[in-house]
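> no sequence for this one, just the structure:
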């Protein structure tokens, strides 16, 4: 019997208020529009499936890539870019900002930036002209001092408003889908994961949420 998961799928407003106002959690609009985002890839076991589904429905998404995975799978990373999706930085080694010194955290993020530039064949790293200025903190946590340092260097901190906990083993596929469908509003950033441990829930959810939102008159946008 599935275990009931009581954690909210929608990030409460008070959490948004606690963080600096320039963090992006959603992008309110008069149009019916949502933003699909994927964390932790690219990996060959999962990311190609995601790209195929997005191509089938002719929609774009935003991928927050781990630098280490980019270095291991550069052709897959370049496919994401070639197919018109947005790409963001998710650190080189998926570091937890709360457990990492500011110096080590920033260094890891710039390692990822340099790796992403290298394998996209874009110009060399320039702290004043980042090629990939979108950054999402791994685990959804970051110290304010780290965020301020990243903002000073040109990064935009991108969070999310809706999360289905697709990586959690105790969350069943239908629960993951229901969490997202029941809480998403226009302008929300939805986070899923193109990772092995999230694959079952993510695939079930993505294959159903796209038709659902299309039927409701929503479009999908990139960051």
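Received the coordinates, thanks. Worth saying up front: this structure is predicted, and the values here are computed from it rather than measured.
> Pull out the buried positions in the lowest-mean-pLDDT helix or strand in the chain.
Here the helix or strand of the chain ranked lowest by mean pLDDT, DSSP states H and E is helix 13-18, holding a mean of 87. Buried residues in helix 13-18, counting neighbours by 16 or more other CB atoms under 10 Å, are absent. Where C-beta positions appear, they are placed from N, C-alpha and C, glycine not excepted.
> what residues does that helix touch?
For helix 13-18, the surrounding residues in contact (CB atoms under 8 Å, 6 or more residues apart in numbering) are 23, 25.
> Residue numbering should commence at 807 henceforth.
Yep, numbering from 807; the last one is helix 819-824 now.
> so where's the chain uncertain?
The model of the chain has pLDDT under 70 over residues 807-812, 928-935.
> all helices for it, in order.
819-824, 853-863, 873-878, 880-888, 908-926, 950-958, 979-989, 1005-1021 (DSSP state H).
> which secondary structure elements does the fifth one contact?
To tie it back to what came earlier, the one meant is helix 908-926. Here helix 908-926 touches helix 873-878, helix 880-888, strand 892-895, helix 950-958, going by 3 or more CB pairs under 8 Å, 6 or more residues apart in numbering; DSSP states H and E.
> Residue 893 and residue 1028, how far apart?
As judged by CB to CB, to the nearest Å, residue 893 and residue 1028 stand 10 Å apart.
> Quick check: longest strand in this structure by residues?
Counting by DSSP state E, the longest strand found in the chain is strand 839-845.
> what's the distance between residue 973 and residue 896?
Between residue 973 and residue 896 the distance, using CB to CB, works out to 14 Å.
> scratch that, residue 861 is what I was asking about
With CB to CB as the criterion, residue 861 and residue 896 are 22 Å apart.
> cool, and residue 979?
From residue 979 to residue 896 the distance is 24 Å (CB to CB).
> okay, the two: which has more neighbours?
For residue 979 and residue 896, the more surrounded residue by other CB atoms under 10 Å is residue 896, and the numbers stand at 29 against 18.
> and the gap between the nearest residue to the more buried one once chain neighbours are set aside and residue 900?
Closest residue to residue 896 in three dimensions, ignoring its sequence neighbours and counting by CB to CB, 6 or more residues apart in numbering: residue 870, at 4.1 Å. Noted for residue 870: a distance of 10 Å to residue 900, by CB to CB.
> Equivalent analysis for residue 912, please.
When CB to CB is applied, the distance between residue 912 and residue 900 equals 15 Å.
> likewise residue 840?
25 Å.
> Next: residue 990.
Residue 990 sits at a distance of 25 Å from residue 900 (criterion: CB to CB).
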